[in-house]
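Colleague: Sequence and predicted model, in that order:
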Amino acid sequence: MTRLVFVGAGHGHLYALKRAQLLVDAGAQITVIAPDDFWYSGLATGMVGGRWSPEDDRIALDRLLRGVTWLRESATDIDRTQVRCSSGQSVPFDLLSLDVGSVVAALPGIDDDDPRNFAAKPIARLADLRGAVEAKPQRVLVVGGGPSAIELAANIAAHPQATVTLAAARFLPGLPRRAAAFVASHLTARGVTLRPVNVARIVDDMAWTDNGPIGFDLLVRATGLHALPLLAGLGLELQDGALVVGDDLAASGDARVHAVGDCAAVAGTRLPMIGVHAVRQAPVLFANLNAKLRAVPPQRRYRAQKHALLILNLGDGTGLATWRRFWLAGRAMRWLKDRIDRAFLARYRA
């Protein structure tokens, strides 16, 4: 038997895990190391806003996994022979696949375990954010100007007891200028205060910026993503902390090791950290793991799409969709987003 270890249960691994029995039939003994169920980023902000329940946003892995061992804990160290877990257990491997995601950049002055401090990831923590916002009136400060920050601010504002401030030097810098201006106007009309500032540090209940302090009760960080330091122990080539893999999704320095999603730099290219790349890499990963188990050459190659459809949930039943330099806003865009997201989840609940 070939010891196949999956570390992480994100977008890039779901496809293979649903088909795990086929890998077992090909000779794999499978272990999955993941601390929690799968939480879907596409519905996360709608869950914060109250449109979806936490259960709507979660796929229970114990219902998905068949014929595999699930270690419900985190990986703390990885080398070329084994994965060490938070319990101290070591799991040796013959084939390894990594889908460990990324982490949100910290802000100086506030600890990760501070109960006021919420990040855009992990998504399970956003269910706690929703509970905190619903519990009592709160001043909520969202830091960041990208799509996640915009969606979080918009959906927190759906709770009437929340007073929301969004702080960022630039709002939606990657979107068409008029689309970004539309979103800014839309948020302002819904009561979100926009502060075009850089947040430098947190001191007690104040965020200090380059233009004075902002008080808060809850802090929400959407301050950019970076790779986990976990991969350094492999001794393989990294790019900005992500494992460099070929278009077969295997590391060039060790073909037994694979990576997808935010923790992978495919063919030396650091792709945007968005779920669509992991979702599209998933069938390629499965095909090539299956090929290796059967001792045949890689069956598929990953070619990253140059452009991706982005649809923002604006928290009031409307959405904004962008494709390259084109954009549309309205209820139809929110309907389209819901349709895409629910269809994705339905694949893994059947």
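Modeller: Perfect, thanks for sending it. Numbering: from 1, shown residues only.
Colleague: For the stretch 201-350 of the chain, which segments count as helices?
Modeller: Here the stretch 201-350 of the chain has its helices, by DSSP state H, counting those that start in this stretch, at 275-293, 331-347.
Colleague: Okay, angle between the last one and helix 275-293 too, please.
Modeller: Following axes from the mean of the first three to the mean of the last three C-alpha atoms, to 10 degrees, one obtains 20 degrees for the angle between helix 331-347 and helix 275-293.
Colleague: Can you name the residues in contact with helix 331-347?
Modeller: Contact partners of helix 331-347, identified using C-beta atoms under 8 Å, 6 or more residues apart in numbering, comprise 18, 40, 42-43, 46, 56, 59, 279, 311, 313-314, 317-321. C-beta here means a position set from N, CA and C on the backbone, and glycine is covered the same way.
Colleague: and if we set it to 7 Å?
Modeller: Residues outside helix 331-347 that contact it (C-beta atoms under 7 Å, 6 or more residues apart in numbering) are 40, 42, 43, 59, 311, 313, 317, 318, 319, 320, 321.
Colleague: With respect to burial, which of the helices of the stretch 201-350 of the chain scores highest?
Modeller: Across these, the average number of neighbours (mean count of other C-beta atoms under 10 Å) peaks for helix 275-293, which reaches a mean of 21.
Colleague: Which one of the helices of the stretch 201-350 of the chain lies nearest to residue 158?
Modeller: If you check each of the helices of the stretch 201-350 of the chain against residue 158 by C-beta to C-beta, helix 331-347 wins as the nearest, at 12.4 Å.
Colleague: Now the closest one - C-alpha only, PDB.
Modeller: In PDB, the C-alpha atoms belonging to helix 331-347 read as follows (Å, rounded to 0.1, in the frame of the first residue of the first chain):
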ATOM      1  CA  ARG A 331     -30.000  41.900  -7.600                       C
ATOM      2  CA  ALA A 332     -29.400  39.600 -10.600                       C
ATOM      3  CA  MET A 333     -25.700  39.600  -9.700                       C
ATOM      4  CA  ARG A 334     -26.400  38.500  -6.200                       C
ATOM      5  CA  TRP A 335     -28.700  35.800  -7.600                       C
ATOM      6  CA  LEU A 336     -26.000  34.600  -9.900                       C
ATOM      7  CA  LYS A 337     -23.500  34.400  -7.000                       C
ATOM      8  CA  ASP A 338     -25.800  32.400  -4.900                       C
ATOM      9  CA  ARG A 339     -26.500  30.000  -7.700                       C
ATOM     10  CA  ILE A 340     -22.800  29.400  -8.300                       C
ATOM     11  CA  ASP A 341     -22.000  29.000  -4.600                       C
ATOM     12  CA  ARG A 342     -24.900  26.700  -3.800                       C
ATOM     13  CA  ALA A 343     -24.200  24.500  -6.900                       C
ATOM     14  CA  PHE A 344     -20.600  24.100  -5.700                       C
ATOM     15  CA  LEU A 345     -21.600  23.000  -2.200                       C
ATOM     16  CA  ALA A 346     -24.300  20.700  -3.600                       C
ATOM     17  CA  ARG A 347     -21.600  18.600  -5.400                       C
END
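Colleague: how near is residue 299 to residue 206?
Modeller: Using C-beta to C-beta, to the nearest Å, residue 299 is found at 56 Å from residue 206.
Colleague: and if you look at residue 67?
Modeller: Residue 67 is 53 Å from residue 206, by C-beta to C-beta.
Colleague: And the two? Which one has more around it.
Modeller: Higher neighbour count among residue 67 and residue 206: residue 206, with 15 against 12, using other C-beta atoms under 10 Å.
Colleague: Am I right that that one is in contact with residue 213?
Modeller: Yes - assessed by C-beta atoms under 7 Å, residue 206 is found in contact with residue 213 at 4.3 Å.
Colleague: Just put the helices of the stretch 201-350 of the chain in TSV and tack on mean pLDDT and distance to residue 93.
Modeller: Formatted as TSV, the helices of the stretch 201-350 of the chain follow (pLDDT from 0 to 100; distance: least, C-beta to C-beta, whole Å):
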stretch	mean pLDDT	distance to residue 93
helix 275-293	95	12
helix 331-347	96	27
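Colleague: Can you check which of those helices gets nearest to residue 86?
Modeller: helix 275-293 (23.3 Å).
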